[in-house]
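>>> Here is my input, please return the structure:
(one chain, ligands or ions: 1)
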Amino acid sequence: MKRIAIIGGGIAGLSAAWTLEKARRAGQDIDYALFEAGSRLGGVIGSETVDGCIIEGGPDSFLTEKPAAAQLCRELGIGDQLLPSNDAERKTYILVRNRLVPLPDGLMFMIPTKLVPTAMTRLFSLGTKLRMAREYLFPPAPATQDESVAAMTLRHFGQETVDRLVSPLLSGVYGGDASQLSVRAVLPRMVKMEQEHRSLTRAMLAARKKAPTTSGRPAGPPPSLFTTLRGGMSQMADAVSAQLVPGSVRLEALVHGLGRNDVRSENDRAWTVESTYGREQFDAVILALPAWASADLLRLIDHPLAEALSGVPYSSSITMTLGYERADLANLPPGFGFLVPATEKRRMLACTFVHAKFAGRVPDGKGLLRCFLGGTGNDELMDWDDARLTQTVLRELEEILHLNAKPNFVRIHRSRRGMAQYGVGHLERIQLVRDRVATIPGLALAGNAYQGIGVPDCIRTGQEAADVALRAVQAERIPAASTAR
Ligand SMILES: Cc1cc2nc3c(=O)[nH]c(=O)nc-3n(C[C@H](O)[C@H](O)[C@H](O)COP(=O)(O)OP(=O)(O)OC[C@H]3O[C@@H](n4cnc5c(N)ncnc54)[C@H](O)[C@@H]3O)c2cc1C
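From the prediction side, this is the model:
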């Protein structure tokens with residue numbers, strides 16, 4: 001029987017474990033063990049219920065258009081728990097000079113596609129609106145190499161679009177810095193649009209024309225933008241865990257050493273994993289860890305690989321969820337919440353009106369606000385204690401929303417170095433990682449450092465890493481493995 005180790009029990013590692021479990025049930029002669037340093041599975045995914053309210057410490061949902069997460073839930077028998085966002089209520093505001101300005105209708109990320117709402121919005125000055133019109137008529141030349149998202153936005157739509165739209169979108173959602181994130185890694189679709197049409201506005205309008213109309217789509221309303229689970233995102237981790245072979249999960253199992261062995265006979269296995277549980281031997285290893293943690297384990301095995309991995313930056317973040325009486329939130333504007341540009345000089349990056357975004361998150365008469373803080377360049381917040389963070393957020397909520405009611409409860413979750421940031425040159429770095437991994441038989445990598453940091457992307461990398469490991473152990477001589485793609 002071949003043995004496969006999965007190191008890391010976040011959603012990427014769990015997805016790898018589920019893929020291996022399906023292979024085992026299909027008759028493959030394998031055994032697997034999942035090592036997780038923490039006391040629970042799920043990694044940054046962590047839901048809890050307080051006063052009947054469902055609180056998410058990490059991701060609160062996933063993009064519906066990426067199918068891997070919903071597909072996993074269906075396979076696990078929890079498809080009936082999938083819950084779409086209330087898109088009829090979808091409205092997002094940007095804080096501009098301490099006033100909440102709605103994002104204009106027809107904006108596709110940074111690209112305006114509707115004339116009247118763009119012309120009427122208070123989000124942009126007249127100069128920026130004229131710049132947007134010019135982009136349609138006289139677009140800039142396409143870039144010849146990778147650049148930051150901010151640089152591409154600046155070339156097409158000007159600095160105000162960077163400051164008021166693109167930066168808050170990237171920092172409020174992923175804790176990223178638009179002036180550092182790679183446009184080729186984060187927004188590949190825009191790069192392709194620029195190459196094909198030069199003007200992003202023209203490209204987006206052409207894409208919309210080609211998109212299936214209501215008549216070409218299956219009957220029913222269009223799919224929601226976001227999907228979550230009725231009982232919280234942790235349902236996904238719990239559902240995988242319930243399907244795994246009893247005894248295959250090792251919790252509080254920090255892996256501190258990884259070694260390659262000479263395989264000379266049938267009884268030798270290629271890998272040694274050293275953890276809190278002792279030394280164990282495996283035929284293949286899946287590292288479903290943040291890149292910096294994988295780098296630590298691989299340093300003695302392949303130094304250039306470890307160097308490439310440790311060069312992937314990570315940001316830290318904090319979510320603060322505050323429970324209120326609904327009556328206290330009566331003055332909230334309708335919508336999902338707001339984003340705060342860095343130019344507003346606030347600590348808060350974003351605030352979600354949770355009770356409006358999804359049905360059933362709170363009991364009747366209650367309301368929930370989730371504030372997001374931290375991100376690139378704000379590491380010092382990670383050292384603030386709960387009292388200081390709470391005081392700061394309450395003050396900002398009062399100044400922005402005129403909310404001075406005392407919350408019924410406050411829950412704070414810190415994620416240290418949890419969000420990979422795809423800097424300029426990320427794709428080349430990941431190609432280097434792939435090339436090195438391909439020279440190390442029985443090794444596969446998964447997680448948010450490679451090809452997308454969202455939950456569905458991490459699930460996909462876990463599945464692909466498991467396939468690589470299965471192929472490696474099935475082969476007579478272990479062949480070259482490759483990074484999860
Ligand atoms: C606050 C926050 C909000 C987010 N919001 C969204 C969202 O709304 N939608 C979305 O799609 N995505 C969101 N994301 C991104 C997404 O949730 C993550 O990218 C994804 O869940 C990461 O999964 P992972 O398995 O790769 O890593 P992790 O969840 O980080 O799991 C890695 C695991 O490895 C373990 N580990 C580390 N070192 C060792 C070791 N040496 N030995 C054993 N175990 C080890 C850790 O304890 C951890 O459990 C958010 C992320 C954060 C932090």
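
>>> hey, let's count contacts and neighbours off CA atoms from now on
Fine.

>>> Please enumerate the helices of the stretch 51-200 of the chain.
Counting by DSSP state H, counting those that start in this stretch, the stretch 51-200 of the chain has these helices, from start to end: 68-75, 115-120, 126-137, 149-157, 159-161, 167-174, 183-186, 188-197, 200-210.

>>> Adding mean pLDDT and mean neighbour count, write these out as JSON lines.
Shown next, in JSON lines, are the helices of the stretch 51-200 of the chain (pLDDT from 0 to 100; neighbours: other Cα atoms under 10 Å):
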{"stretch": "helix 68-75", "mean pLDDT": "98", "mean neighbour count": "19"}
{"stretch": "helix 115-120", "mean pLDDT": "91", "mean neighbour count": "15"}
{"stretch": "helix 126-137", "mean pLDDT": "94", "mean neighbour count": "16"}
{"stretch": "helix 149-157", "mean pLDDT": "96", "mean neighbour count": "22"}
{"stretch": "helix 159-161", "mean pLDDT": "96", "mean neighbour count": "19"}
{"stretch": "helix 167-174", "mean pLDDT": "88", "mean neighbour count": "22"}
{"stretch": "helix 183-186", "mean pLDDT": "96", "mean neighbour count": "24"}
{"stretch": "helix 188-197", "mean pLDDT": "95", "mean neighbour count": "17"}
{"stretch": "helix 200-210", "mean pLDDT": "89", "mean neighbour count": "17"}
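
>>> Columns distance to the ligand on top of those, output as CSV?
Listed next are the helices of the stretch 51-200 of the chain as CSV, based on distance: least, Cα to the nearest ligand atom, whole Å:
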stretch, distance to the ligand
helix 68-75, 9
helix 115-120, 27
helix 126-137, 30
helix 149-157, 19
helix 159-161, 23
helix 167-174, 7
helix 183-186, 13
helix 188-197, 17
helix 200-210, 24
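
>>> M419: which of these is closest?
helix 167-174 (7.0 Å; Cα to Cα).

>>> outside of that closest one, which residues touch it?
Residues outside helix 167-174 that contact it (Cα atoms under 8 Å, 6 or more residues apart in numbering) are 94, 150, 176-178, 339-342, 349-350, 372, 375-376, 419.

>>> re earlier: now render the helices of the stretch 51-200 of the chain as TSV, adding distance to N261.
Converted to TSV, those look like this (distance: least, Cα to Cα, whole Å):
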stretch	distance to N261
helix 68-75	34
helix 115-120	62
helix 126-137	58
helix 149-157	44
helix 159-161	54
helix 167-174	39
helix 183-186	35
helix 188-197	40
helix 200-210	52
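
>>> Quick one: closest of these to L381.
Ranked by Cα to Cα, the member of the helices of the stretch 51-200 of the chain that lies closest to L381 is helix 167-174, at 14.8 Å.

>>> hang on, T49 packs against G57?
No - contact criterion Cα atoms under 8 Å: T49 and G57 do not qualify, at 10.9 Å.

>>> Can you give the distance of whichever strand or helix holds I4 from its chain's centre?
Element membership for I4 (DSSP states H and E) is strand 2-7. Computed by Cα atoms, centre = their mean, to the nearest Å, the chain-centroid distance of strand 2-7 equals 25 Å.

>>> Need the CA coordinates for the following helix or strand past it. PDB is fine.
Next in sequence after strand 2-7, counting helices and strands by DSSP H and E, comes helix 11-25. The C-alpha trace of helix 11-25 is given here as PDB (Å, rounded to 0.1, in the frame of the first residue of the first chain):
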ATOM      1  CA  ILE A  11      -9.300  24.000   2.500                       C
ATOM      2  CA  ALA A  12      -6.500  23.200   0.000                       C
ATOM      3  CA  GLY A  13      -5.200  20.300   2.200                       C
ATOM      4  CA  LEU A  14      -8.800  19.100   2.800                       C
ATOM      5  CA  SER A  15      -9.600  19.200  -0.800                       C
ATOM      6  CA  ALA A  16      -6.500  17.100  -1.500                       C
ATOM      7  CA  ALA A  17      -7.500  14.600   1.200                       C
ATOM      8  CA  TRP A  18     -11.000  14.300  -0.200                       C
ATOM      9  CA  THR A  19      -9.500  13.600  -3.700                       C
ATOM     10  CA  LEU A  20      -7.300  10.800  -2.200                       C
ATOM     11  CA  GLU A  21     -10.300   9.400  -0.300                       C
ATOM     12  CA  LYS A  22     -12.300   9.200  -3.500                       C
ATOM     13  CA  ALA A  23      -9.400   7.400  -5.100                       C
ATOM     14  CA  ARG A  24      -9.200   5.000  -2.200                       C
ATOM     15  CA  ARG A  25     -12.900   4.200  -2.400                       C
END
